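Asks: one predicted model, sequence on top.
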Amino acid sequence: MTSEDKREKKKNESPSTGPLFPDLRPSIEKKVRRYKRVQQAIWTENKARFIQRYLQFFVQVTKHGAYIDGFAGPQYFDKPDAWAAALVLQSEPKWLRHFFLCEVTKRGIAALRKLVKAQPEPRDKKGRILNRTIEIWPGDFHVNVDKILTEGRITQKEATFCLLDQRTFECHWATLKKLAGYRKPPNNKIELLYFLGVGWLHRAISGIRNSDKLSNWWGRPDWRDLKLKNSWDIAEIVRKRFQDELGYRFSAAYPIYDKNKGNKVMYYMIHASDHDEAPALMVRAHHKAVRALPPEVQRRFTFQGQ
């Protein structure tokens, strides 16, 4: 037996050769298997860079795109490197063409205006000016999203990503349905990058006196049942709802850890897409944006598709 045959035999006998995402159809599975099993964690301070990396990879496939940020103001005003809107705007190549930055707070709106004003004129590697628009939308995102979608600002074919880095219960389920239902077949749906704050979710539910707020967020009357479930189970319910109720082909739940709180899971980033390339690109972005955790806190991700 030659050395090459031995290597091939060892490879075939290795338990790690199974597909990373066994539910993906073969053409997609082959691409995804180029990446190692996801066994690393994103820290809370790196979650914005995770988003930046993914969009950076994706525009190299699409060569264009629109970006909607439903809650675009800084989460932490003292941590500019953790501001998703700022990182996405500065990302290269600058092929995202249209930005819709939505924010309700006065301080967040002021920060966005300062950010936009500081942006250099976008140019390609040859120095040619690129066509790019950046719009700030003050006010309630759930109202503004109707205007963004109904005024034809986003075409049916333009690759579109919507970041929803909400503050616990800010994002209404009805708004997710609007975003998911905007595109008509055979066009891909608007891609969703949805942050679910599980680190304090049970405490927040117990402290809410206005049940309408939770009903708007969850979109169903059974939100009280969440108090009986752990963080992973809640993330899995949301992930499946993105497929079953919103109709996305692929969905994944990526945990975001806080290393200052004993590696506690603070968020799950729920990613939903119809694009065949999305699973592999997200895994690639994940590997680029994170550092390894100790084995005792590592956990397998769930990523399923039709």
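Replies: Ah, there it is. Numbers count the residues shown, from 1 in each chain.
Asks: residue 257 belongs to a strand, doesn't it?
Replies: Yes - under DSSP: H, G, I helix; E, B strand; the rest coil, residue 257 sits within a strand.
Asks: how many neighbours does it have?
Replies: 24 (other C-beta atoms under 10 Å). Every C-beta, even on glycine, is put in place using the N, C-alpha and C of the backbone.
Asks: can you check the one 10 residues further on too?
Replies: Burial of residue 267 is recorded as 23 neighbouring residues (other C-beta under 10 Å).
Asks: for the stretch 101-250 of the chain, which segments count as helices?
Replies: Listed in chain order, the helices of the stretch 101-250 of the chain (DSSP state H, counting those that start in this stretch) span 106-117, 141-150, 173-181, 201-207, 211-218, 231-244.
Asks: can you tell me which residue is spatially central in this protein?
Replies: Against the mean C-alpha coordinate of the chain, by C-alpha atoms, centre = their mean, the closest residue is residue 193 at 2.4 Å.
Asks: for that residue, give its distance to residue 182.
Replies: Counting by C-beta to C-beta, to the nearest Å, the separation of residue 193 from residue 182 is 16 Å.
Asks: tell me who's in contact with the residue lying closest to the residue nearest to the centre of the chain once chain neighbours are set aside.
Replies: Nearest non-adjacent residue to residue 193, counting by C-beta to C-beta, 6 or more residues apart in numbering: residue 163, 4.8 Å away. By C-beta atoms under 8 Å, 6 or more residues apart in numbering, the contact list for residue 163 reads 51, 67-70, 72, 84, 88, 193.
Asks: over to residue 83?
Replies: Counting by C-beta under 8 Å, 6+ apart, residue 83 touches 48, 74-76.
Asks: and those residues as JSON lines, adding secondary structure, pLDDT and neighbour count?
Replies: Output for the contacts of residue 83, formatted as JSON lines (DSSP: H, G, I helix; E, B strand; the rest coil; pLDDT from 0 to 100; neighbours: other C-beta atoms under 10 Å):
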{"residue": "48", "secondary structure": "helix", "pLDDT": "90", "neighbour count": "26"}
{"residue": "74", "secondary structure": "coil", "pLDDT": "93", "neighbour count": "21"}
{"residue": "75", "secondary structure": "coil", "pLDDT": "87", "neighbour count": "16"}
{"residue": "76", "secondary structure": "coil", "pLDDT": "85", "neighbour count": "12"}
